[in-house]
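J.: Just need the structure, nothing else, for what follows:
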Amino acid sequence: MILVFGGTTEGRKAVEVLEEGGTTYYYSTKTGEQEVMLHKGVRMDGALDKKGMLAFCRANDIRLIVDAAHPFAIQLHQTVAQTACELHIPIVRYERIYPERNPRLEWIDDYSQVPRDIHTLLATTGVQSITKLKSLEAQGVQVFYRILPRESSIALAKKQGATDAQLCYYEGDGQLDTEADAILLKESGLSGGFQEKVAAALEKGMRIIVLKRPSLKDFFPSETASFVVDGPHGLRRKVEQLLPEFFPLHSGLTTGTCATAAAIAATIRLLKNEKPHEVPVLLPDGETIPVAVGYGDYYAYCIKEAGDDPDVTDGIEVRAYAEQAEAFQILGGEGVGTFTLPGFDYPPGEAAINRGPRQMMCSNIKENVRITISVPGGEEIARRTFNPRLGIEGGISIIGISGIVKPFSEDAFISSIRKCMEVAKASGADRVVINSGAKSERFVRHLYPSLPRQAFVEYGNYIGETLKMAAELNIPRITLGVMLGKAVKLAEGHLDTHSRVATMNTEFIRQMLKESGLQDATSHTFTLARELWNLIPAEKVEDFVRVVIQHCYEHCSPLFPNGELTILLIDDDGKVHSL
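T.: Numbers count the residues shown, from 1 in each chain. Model prediction:
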């Protein structure tokens, strides 16, 4: 059993990860005021002292603690560490991502170091800090306290001596409406809105004083089995490692992440003559995960780990060779394919290393080195993939958008969609927006700013199943966001768009081009559907969009007969098209 301490953005993200396991866990907050949707999680509210935490962990067979609480919740961190140490329970600390410390700001270690040579101060450090700042008021500094507009926060602030005139309220917009000479911030990380607050203060010309975050070493001594993650992928992988049975299927790494890890290791070996067994890899979502690496005579390598996702590349060795260069370069070597047709991220003749992995390598390696990626046996492995059909010859492609492979059996994935749809229904939203993944959701989300987070659901490839669920749950309105690659399959009637079930039918696409009055465009050759955005004249795009969406409606509407269905077609630049 897992016990999570949350009440934060990280706590909410931890919930999203653990819900994928389909196993019961506990989610604890101090005040109970955080809105979070739980399906398998059991909510607990109220602070636990050491005695209460020990008793709870023993009674509920807690085998892993996830500390996703606020970084400044010092007492809680200490209690968690003491409990875990006494019961020999491992801790996973879900830490925030922090920007580098700006030397233009004034950094302090505790409240006693707040400068006294200021006239007015806006303190955004929470109600618990009011008592600690009263000495400033005694020395003539006018202090304003920005707090959350909750009854409990207001009552506690006044109990500590704050007056109505001193209180102002954080509405989540990052703006600073109170005039003051200086501002006191906590080093609260990206999820705490730290950068937005700093930017607003700089714009007002305020003096910025920042209370440094506590060091994790102060809470989790060496005798405690503690691990730090700073994102959802890292959390899932650490839970899979420490509590393997929690998730029915385990995640893996993309070939792009493996290539990046090998490239980092090869660069370290070249420049520092060091050979670490594990390297930190910055993923596209901003989090960092550790990845195991090894070394040959002149290269570093990473073994592709597909987890429980069926993948012919599982277990392959992705190698990287690094050498000095005048500028950073990425080349493809043995076993890495070559693009032979247009329509990919890079032109024909380039190594089949997609934009995502290239950007990962650029983000992780700042030195001027030339990296050559190779995959022994890659040409043979590629024959068992779709690469030859797509015009990628000579080896595999190095791919990956998120950097992590999240595995799902068909039944498990459909079951997870149903859970999400049930949660969306329970949220009370009058519309549910379904998308293939995070990218399309990001493009569509701004159209529905008032919808809660739970109203956005990923269907993956299972469009038909998701629409049937919506009908069964009597959801009144559905918006279906789809990008062109899946849309052309859906338009032909493929309600499951997975490549193992449906492939792009170029003849059907040519038929839709004719229906759109684009007879000339039918003579063009194309490998990927997204190439059509460049082939179709700008003035004819909407005609083609109309035809594609109408075909999609023909197959989707019967599955959602009693509700309002909106279909949105999204192009590669994020522009949203509709009828």
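J.: Surely residue 49 and residue 80 touch.
T.: No: taking contacts as C-beta atoms under 8 Å, residue 49 lies outside contact range of residue 80: 11.5 Å. Bear in mind the C-beta positions are built from the backbone N, C-alpha and C, glycine included.
J.: Mind checking which of these two has more residues around it?
T.: With neighbours defined as other C-beta atoms under 10 Å, residue 49 and residue 80 compare such that residue 80 has more, 27 against 11.
J.: is it fair to say the more buried one lies in a helix?
T.: Yes: assigned with DSSP: H, G, I helix; E, B strand; the rest coil, residue 80 falls within a helix.
J.: Look up how far residue 228 lies from the nearest residue to it once chain neighbours are set aside.
T.: Among residues not flanking residue 80 along the chain, residue 67 sits closest, at 5.1 Å (C-beta to C-beta, 6 or more residues apart in numbering). Computed as C-beta to C-beta, to the nearest Å, the residue 67 to residue 228 distance reads 10 Å.
J.: who has more neighbours, those two?
T.: The neighbour comparison of residue 67 against residue 228 (other C-beta under 10 Å) goes to residue 67, with 28 against 16.
J.: what's near enough to touch residue 136?
T.: 114, 116, 121, 143 (C-beta atoms under 8 Å, 6 or more residues apart in numbering).
J.: any idea how far residue 569 is from the second one?
T.: Distance of residue 116 to residue 569, given as C-beta to C-beta: 61 Å.
J.: How about residue 82?
T.: According to C-beta to C-beta, residue 82 stands 55 Å off from residue 569.
J.: between those two, who's got more neighbours?
T.: Between residue 82 and residue 569, counted using other C-beta under 10 Å, residue 569 has the larger neighbour count: 23 against 16.
J.: Give me the three-state assignment for the more buried one.
T.: Under three-state DSSP, residue 569 falls in the strand class.
J.: Okay, and the beta partners of it?
T.: On the basis of DSSP bridges, residue 569 is bridged to residue 482, residue 577.
J.: Provide a PyMOL selection command restricted to the buried entries of the contacts of residue 136.
T.: Those of the contacts of residue 136 that count as buried under 16 or more other C-beta atoms under 10 Å are selected in PyMOL with:
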select buried, resi 114+121+143
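J.: okay if I get the contacts of residue 136 as TSV plus pLDDT?
T.: Below are these laid out as TSV (pLDDT from 0 to 100):
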residue	pLDDT
114	89
116	86
121	89
143	85
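J.: Contact partners for residue 346?
T.: Residue 346 makes contact with 339, 353, 355, according to C-beta under 8 Å, 6+ apart.
J.: tally of neighbours for the first one?
T.: It refers to residue 339. Residue 339 has 24 neighbouring residues, counting by other C-beta under 10 Å.
J.: okay but it is in contact with residue 352, surely?
T.: Yes: judged on C-beta under 8 Å, residue 339 makes contact with residue 352 at a distance of 5.5 Å.
J.: Please enumerate the shared neighbours of the two.
T.: In terms of C-beta under 8 Å, 6+ apart, residue 339 and residue 352 are both contacted by the residues residue 392.
J.: picking that back up, find the residues that touch each one of residue 49 and residue 80.
T.: Joint contacts of residue 49 and residue 80 (C-beta under 8 Å, 6+ apart) do not exist.
J.: Hmm, residue 520 and residue 540 touching each other?
T.: No: shown here, residue 540 and residue 520 do not form a contact pair, counting by C-beta under 8 Å, at 9.6 Å.
J.: So for the two, which residue has more residues nearby?
T.: Applying other C-beta under 10 Å to residue 540 and residue 520 shows that residue 540 carries more neighbours, namely 15 against 12.
J.: Let me know the pLDDT of that one.
T.: For residue 540, the pLDDT comes out at 89.
J.: which ones are touching it?
T.: Applying C-beta under 8 Å, 6+ apart, the residues near residue 540 are 516-518.
J.: Tell me how far the closest residue to residue 42 other than its chain neighbours lies from residue 51.
T.: Take residue 42 and drop its neighbours on the chain: the residue closest to it by C-beta to C-beta, 6+ apart is residue 26, 5.1 Å away. Going from residue 26 to residue 51 by C-beta to C-beta gives 17 Å.
J.: more crowded one of the two?
T.: Neighbours per residue, other C-beta under 10 Å: of residue 26 and residue 51, the larger number sits with residue 26, 21 against 10.
J.: Can you give me the first-to-last residue distance of stretch 209-219?
T.: Stretch 209-219 has an end-to-end distance of 24 Å (C-alpha to C-alpha, to the nearest Å).
J.: In the stretch 51-200 of the chain, what residue spans correspond to helices?
T.: For the stretch 51-200 of the chain, the helices defined by DSSP state H, counting those that start in this stretch cover 74-87, 130-138, 151-159, 194-203.
J.: Out of these, indicate the one that is most buried.
T.: The highest mean neighbour count among these, using mean count of other C-beta atoms under 10 Å, belongs to helix 74-87: a mean of 19.
J.: Report the rounded mean pLDDT for that one.
T.: Mean predicted lDDT for helix 74-87 stands at 91.
J.: Same question for stretch 236-243.
T.: According to the model, stretch 236-243 has a mean pLDDT of 93.
J.: Now that stretch - C-alpha only, PDB.
T.: What follows is stretch 236-243, C-alpha atoms only, in PDB (Å, rounded to 0.1, in the frame of the first residue of the first chain):
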ATOM      1  CA  ARG A 236       6.000   6.000 -12.000                       C
ATOM      2  CA  ARG A 237       9.400   4.400 -12.700                       C
ATOM      3  CA  LYS A 238      10.500   4.600  -9.100                       C
ATOM      4  CA  VAL A 239       7.200   3.100  -7.900                       C
ATOM      5  CA  GLU A 240       7.600   0.300 -10.500                       C
ATOM      6  CA  GLN A 241      11.100  -0.400  -9.000                       C
ATOM      7  CA  LEU A 242      10.200  -0.200  -5.300                       C
ATOM      8  CA  LEU A 243       6.700  -1.800  -5.500                       C
END
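J.: Perfect, I'm done here.
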